[in-house]
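[1] Kindly return the folded structure for what I paste below:
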Amino acid sequence: MDMKLEVVVVPVADVDRSKDFYKALGWREDADFSAGTDFRVVQLTPPGSACSVIFGTGITSVTPGSMQGLYLIVDDIEAARSELVDRGADVGEVFHDAGGVWHHAGTEQRVPGPDPDRKSYGSFASFSDPDGNGWLLQEITTRLPGR
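    A predicted model of the protein is given here:
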């Protein structure tokens with residue numbers, strides 16, 4: 001049986017501010033529904049993604065800004081970073097991990113610049129939304145077998 005991850009709930013404090021932020025990044029607005037003042041659902045989808053994010057009022061009890069490690073996969077890390085910066089996101093510099101396999105939690109093992117061999121899965125850049133939810137760009141040019 002196929003199972004597809006299609007929606008991730010992102011906890012935010014200000015729905016309109018978050019909607020404006022993600023739309024400025026070029027994300028498609030799929031829905032904005034409300035049922036009174038206590039319930040609102042906004043859904044946006046990053047360009048080329050089959051998975052959307054949902055945020056709003058009355059949809060999660062998770063603390064705004066507490067989601068970390070949300071990945072956006074790109075085929076050119078530097079171009080993607082540049083585009084997001086041009087659209088107003090505060091994206092950190094491209095980095096790779098000192099161990100060369102995957103990035104460690106935190107920033108201690110970050111080495112400036114893309115993976116020296118430009119290995120797929122090896123280059124990253126990070127940014128946060130206005131609430132502090134943490135996003136990572138990851139460059140993948142060749143998928144692992146079975147992917």
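[2] Go ahead and measure how far stretch 14-33 is from the middle of the chain.
    13 Å (CA atoms, centre = their mean, to the nearest Å).
[3] Give the buried residues for that stretch.
    Within stretch 14-33, the residues that qualify as buried are V15, S18, K19, F21, Y22, L25, W27, counting by 16 or more other CB atoms under 10 Å. Every C-beta, even on glycine, is put in place using the N, C-alpha and C of the backbone.
[4] mind listing what the closest residue to V85 other than its chain neighbours touches?
    Sequence neighbours aside, V91 is the residue nearest to V85 in space, at 5.3 Å (criterion: CB to CB, 6 or more residues apart in numbering). The neighbourhood of V91, defined by CB atoms under 8 Å, 6 or more residues apart in numbering, consists of R81, L84, V85, A125, S126, F127, L137.
[5] Tell me the buried residues within these.
    Neighbour-count burial (16+ other CB under 10 Å) applied to the contacts of V91 gives R81, L84, A125, S126, F127, L137.
[6] Now the two most distant members of these.
    The two members of the buried ones among the contacts of V91 with the most space between them (CB to CB) are L84 and S126, at 10.7 Å.
[7] Now for the two: what residues contact both?
    V91, L137.
[8] Could you pull out the strands in this protein for me?
    7-9, 28-34, 40-45, 52-57, 70-74, 95-97, 110-112, 123-128, 134-139 (DSSP state E).
[9] Which strands border the third one, and is each parallel or antiparallel?
    Paired neighbours of strand 40-45 in the sheet (DSSP bridges): strand 28-34 (antiparallel), strand 52-57 (antiparallel).
[10] so can I have a markdown table of those strands showing distance to P114?
    Below are those laid out as a markdown table (distance: least, CB to CB, whole Å):
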| stretch | distance to P114 |
| --- | --- |
| strand 28-34 | 28 |
| strand 52-57 | 26 |
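[11] Generate CSV for those, with distance to V42 and mean pLDDT as supplementary columns.
    As requested, the strands paired with strand 40-45 are exported to CSV (distance: least, CB to CB, whole Å; pLDDT from 0 to 100):
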stretch, distance to V42, mean pLDDT
strand 28-34, 5, 97
strand 52-57, 5, 97
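[12] what bits of the chain have low per-residue confidence?
    The model of the chain has pLDDT under 70 over residues 147.
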